[in-house]
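J.: Here is my input; please provide its structure:
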Amino acid sequence: MASATLAAAMSSAQADLDSLAEDLAEIELDLPSFGELLQIKTKGEGKVTFDFARWHPEQKRFERERTGRDLVVKPRQIGFSTLENARDYQYARTHEGAQVVVVVHSGEAKSEFFSAIRLMDQSLRAWGLSPEPRENTKTGLRWDDNDSSIKVIEAGKDEITAADRGRSGTIQRLHITEAAFYRAPEETMAALFGSLGENECVIESTANGVGNWFHSRVEEARKGLFDNYALHFFSWLEHPGYIAEPGSYPAPPAERDRHWETKIRAAGASDAQIAWWRKTVQKLGLERALREYPVSLEAAFLVSGESWLDTEHLDWLRMQTRQPIDEIDLVRGLREFGALRLFEKPERGRTYLVIVDPSEGTGGNEAAMTVMDHRSGRVVATWENNRVKPGELAHPAAQAGRLYNNALLVVERNVWRRASNSDGGGGVETLNVLEREERYPRLYRDEKGVLGWSTNELTRPLIFGDLAKAIEERAASTPCAKTVEEAASLMTGKNGRPEARGKRNRKGQRFRGDDGLFVCWGIGLQVRSRTPMPGTARAVTTGQLESTGFRT
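T.: As a prediction, the model looks like this:
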C-alpha cells in the first residue's frame, strides 16, 4: 500500500514537473513573457526587468506586426534595439544549433550591445533557466545544451561567420542595426545575406540621408522589390515620452519651420508634443530633427540644404504627388519596356506632348518619358527604364504618343559625349527609328527646322531655371513621386549648375544620378511656350532626317 502511495505521489510530481516544463517552454517562446525573466539597463532607472508593462507602444506594435523579414525606419531613443536584442537572445536560447548575428555600426555600439546581451544571460541564469555558456568572449556567447550562439560584429571590420560553428556558418537570425550609418555596407551585406538564406532577419535604423545602402533598401521595399521584406515606419508621435510643457517654447520665426510644424499638427500632434518638437528643433536644427525624429517616411529622407532646390520647395512638391490611376505595359512583340504610369487618362480632343530623354540603355542612367497636357502643362503620365537603348526607345515612345491622341513627340536629340560624330547614337537614333519603322506622324522640330530638341549651353539653363522658377512660384507641380525624387537629388555643382547626385562607390565617390524625368518635365515647359497647338507639326515620313513634314 505504501509503495502504491509513493508511486502515485511520484507520478503526480512528474506530472507537475511536466506541466511546469510546458509552462516554461510556453513562456520562453513568447517574447513579452520571456522579457519578464530578463534585466535591461536604462538611463533613468538603472537595471530593471524588461516586463511587458514597460514596453513602449512602438515595441508592442512591432511585436504584433513583425513577419520575420522586416525593414524598420524609426526615430531615435524608442527602445527598439533593446526589443530586438531581447529577441536575439531569446532566439539563441530557444533554437537548436542556431547562430544569431547582430551587426552594428561602430566599436562603441558593439560593446554596448554585447553588454546588454550579457546582462540578459546573467538574469536568465539567475532564474536557473540557462547554463553557463561554454564560450564567453568579449563579443559572443555559445552554449553546450543547445549548441547555439550569439555574436555581435561591426560592419566592415569583423569576421562575419565561423565556418565550423553552428550549421556550417549559416545564420538563423540576423539583426542589422543602424544600417544607414555603415561606412562600407555592400561587401558586408553580401556576405551576411549569403549566409542567411531565407532565415529570419530584421534591419532597423534611423535615417541618415539619401543614396546610402539603407535608403536604397527602403525605396525598394516601398515598391515591393526588396525580396519579401515588410517595411515598417514609426513616427516620433507614437512615443509617449516625447512631450514638454505646452507653451514653454515660442513659435518658430522661419517659414520652413512653421511649415513643418503645421504638418506635424495635421498628423495629430498635441500642444505638449509641439512644445517638445520646438525644443528639439532648437537643439538639433530642423534638418537633423526631421531625420532623427521623422513624422513621416518622406520626412525621414529629406535631402539636406546642399540640394539645388530649396527644401521648402521640395517639401511642397512631395505634397503634390499621388499614386497613378492606371499602368499600361509598353510592349513590342516579345520585348517588354515596363509600365507607363497614368495620372490622367487621355481625353478626346485634347492635345498632348510626349517628351523623351534617351540613354545608353546599359543599366546606368535611365531613359525617360513625361507626357504633358499642352494646354494646362499638367504632367499626366511618366515612364523610365535604364535598359532601353536609343533605337528601341522609339517603340515605347510611339506607343505612348499614340495613346495620347497622337501627341507631339519631343525627343532630346543629343548624342553621347564619347560619340565621334553627330550622325548616330542618342536621340538621333531614336528619331531615325520613329521615322523609318514607326512612321510616327508628329515629331517636334526646333526653330531651325531640325528634328528633336537640343539641350546645349543656351537651352540647358532655360530647362532648369524656368522649371525651378515655376516650382518656386507654385505654378508647376507633378504627381509623379519618382520625378520629385530626381528633383531632390539635384545638387549644386562646382560650376553652379544642378547635377544629379547618385550613390557613392566604395571610394566615397558619387556616381551620376538619374534626372531624365526632371529634364523631360523642363523640356516640356519650353516646348509648350514655343509650339502653338493645335497647329502645324512637322514630321519626317521618308528618307533622311531633313525630309519634309506635313500638316496635321
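J.: Going by C-alpha atoms from here, please, whenever you check contacts or count neighbours.
T.: OK.
J.: Now stretch 406-422: average pLDDT?
T.: Here stretch 406-422 scores 70 as its mean pLDDT.
J.: what ranges of this structure fall below the confidence cut-off?
T.: Counting by pLDDT under 70, the chain shows low-confidence ranges at 1-25, 159-168, 303-306, 415-425, 493-496, 502-512, 533-552.
J.: Next up, identify which helix or strand residue 529 is on.
T.: Using DSSP states H and E, the element containing residue 529 is helix 516-530.
J.: Flag every buried residue along that helix.
T.: For helix 516-530, the neighbour count (16 or more other CA atoms under 10 Å) marks 516-528 as buried.
J.: For those, give me TSV that also has distance to residue 407.
T.: Below are the buried residues of helix 516-530 laid out as TSV (distance: CA to CA, whole Å):
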residue	distance to residue 407
516	19
517	18
518	19
519	18
520	15
521	15
522	17
523	15
524	12
525	15
526	16
527	13
528	12
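J.: now for these, which pair is the farthest apart?
T.: 516 and 528 (18.2 Å; CA to CA).
J.: Hmm, residue 99 is touching residue 143, no?
T.: No: the pair residue 99 / residue 143 is not scored as a contact, 11.0 Å apart, by CA atoms under 8 Å.
J.: more neighbours, these two?
T.: residue 99 (28 against 19; other CA atoms under 10 Å).
J.: separation between the more buried one and residue 201?
T.: Counting by CA to CA, to the nearest Å, the separation of residue 99 from residue 201 is 12 Å.
J.: do residue 73 as well
T.: 15 Å.
J.: and if you look at residue 264?
T.: 32 Å.
J.: Settle it for me: which of these two has more neighbours?
T.: Legend: neighbour count by other CA under 10 Å for residue 264 and residue 201, higher for residue 201 (24 against 19).
J.: Return the residues in contact with the more buried one.
T.: 68, 69, 70, 173, 174, 175, 176 (CA atoms under 8 Å, 6 or more residues apart in numbering).
J.: what about 6 Å?
T.: 68, 69, 173, 174, 175 (CA atoms under 6 Å, 6 or more residues apart in numbering).
J.: what's around the residue nearest to the first one when sequence neighbours are not counted, how many residues?
T.: Read that as residue 68. Once flanking residues are discounted, residue 68 sits nearest to residue 200: 5.0 Å by CA to CA, 6 or more residues apart in numbering. Residue 200 has 17 neighbours, counted by other CA under 10 Å.
J.: how close does residue 200 sit to residue 179?
T.: In terms of CA to CA, residue 200 sits 17 Å off from residue 179.
J.: ok, back up a step: does the residue nearest to residue 68 touch residue 173 like I think?
T.: Yes: in this structure residue 200 lies within contact range of residue 173 using CA atoms under 6 Å: 4.7 Å.
J.: in the stretch 351-500 of the chain, which spans are strands?
T.: Assignment of strands within the stretch 351-500 of the chain using DSSP state E, counting those that start in this stretch yields the ranges 352-357, 367-373, 379-385, 408-411, 490-492, 498-504.
J.: Distance check, residue 363 against residue 383.
T.: From residue 363 over to residue 383 (counting by CA to CA), the distance is 15 Å.
J.: Of these two, which one has the most company?
T.: Set residue 363 next to residue 383 and count neighbours by other CA under 10 Å: residue 383 wins out with 27 against 13.
J.: got a list of what residue 33 touches?
T.: residue 27.
J.: Confirm it sits in a strand?
T.: No: assignment of residue 33 by DSSP: H, G, I helix; E, B strand; the rest coil gives helix, placing it outside any strand.
J.: Run a quick neighbour tally on the closest residue to residue 470 other than its chain neighbours.
T.: Nearest non-adjacent residue to residue 470, counting by CA to CA, 6+ apart: residue 476, 5.2 Å away. Using other CA under 10 Å, residue 476 is surrounded by 18 other residues.
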